[in-house]
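Novice: Below is the sequence, then the predicted model.
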Amino acid sequence: MNIMNTQMKTILVTIIPTLITCLLISSCSISGNTRPSQFYVLDATATSSSSEAKTLRLGVGPILIPGYINRPQITTKSESAELIYAEFERWAEPMDEMFTRTLTHNITISTGSNSIISYPWPSNASLNKTLTAKIIKFENNMHGDALLIIQWQILNMNDKQQASSIYSEYHSTAKSSDYPDRVSALNDTVKQFSDEVIAYIQSASNK
């Protein structure tokens, strides 16, 4: 029994340092092949204007977004229609929430109205119009250029009539294929959409 114990101790003394060394090497190798993730957000890019819509009370949402877009990784579509998800470049929050908030902020800045609110809003919210939308595409190509295709409608809360659906497509050229420029191009398409929404509302009000 003593001989067996001695042999076991000898084996353990030999194996344990080797295992520790292997674990350390493996850990160094793994950490050397990874890098911190970069997190991005959409952000309002509108500027204040002499809009005639300061009395607008608009509810923005819900904005429906396809599952392939509403995920943490930034999406790129290749020329062969393959979707490429960035491993380390990610959105800082869910896309549906971020898109709605950014759109709301753009419209608020452009109109100067303090009554532009995102869905879901309180049951006692005093709104005169609502904007609902369904995003069809919201992505970059391999060069970083952005595309937003969206189907949307404005509902007048006073008459409750079914609003006509509008199909819009927006493009923005990126300065480069780097991810900050990709996000900037996506931001620009959201601004283009908000500008069209405001123009549509103002045109309808003047009729």
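Specialist: Structure received. Numbers count the residues shown, from 1 in each chain.
Novice: mind showing which ranges of this protein have poor pLDDT?
Specialist: The model of the chain has pLDDT under 70 over residues 1-33, 49-53, 160-162, 206-207.
Novice: try it again with 90
Specialist: 1-35, 46-56, 79, 81, 123-126, 156-164, 202-207 (pLDDT under 90).
Novice: so what's the backbone phi/psi at E97?
Specialist: Main-chain dihedrals, E97, degrees, to the nearest 10: phi -70, psi -40.
Novice: Please apply the same query to D96.
Specialist: Per degrees, to the nearest 10, the backbone of D96 is at phi -60, psi -40.
Novice: number of nearby residues for the closest residue to it other than its chain neighbours?
Specialist: Leaving aside its chain neighbours, D96 sits nearest to I65 (4.7 Å; criterion: CB to CB, 6 or more residues apart in numbering). Glycine gets a C-beta too; all of them are placed from N, C-alpha and C. Neighbour count for I65, taken as other CB atoms under 10 Å: 22.
Novice: ditto for the one 4 residues further on
Specialist: By other CB under 10 Å, the residues close to I69 number 18.
Novice: need the contact list for it.
Specialist: By CB atoms under 8 Å, 6 or more residues apart in numbering, I69 lies in contact with 75, 95, 135, 138-139.
Novice: what's the helix or strand for it?
Specialist: Counting by DSSP states H and E, there is no helix or strand that carries I69.
Novice: Ok, W121 next?
Specialist: Short version, using DSSP H and E: W121 is in no helix or strand.
Novice: Would you agree it is in contact with L127?
Specialist: Yes - W121 lies in contact with L127 (CB atoms under 8 Å); the separation is 7.2 Å.
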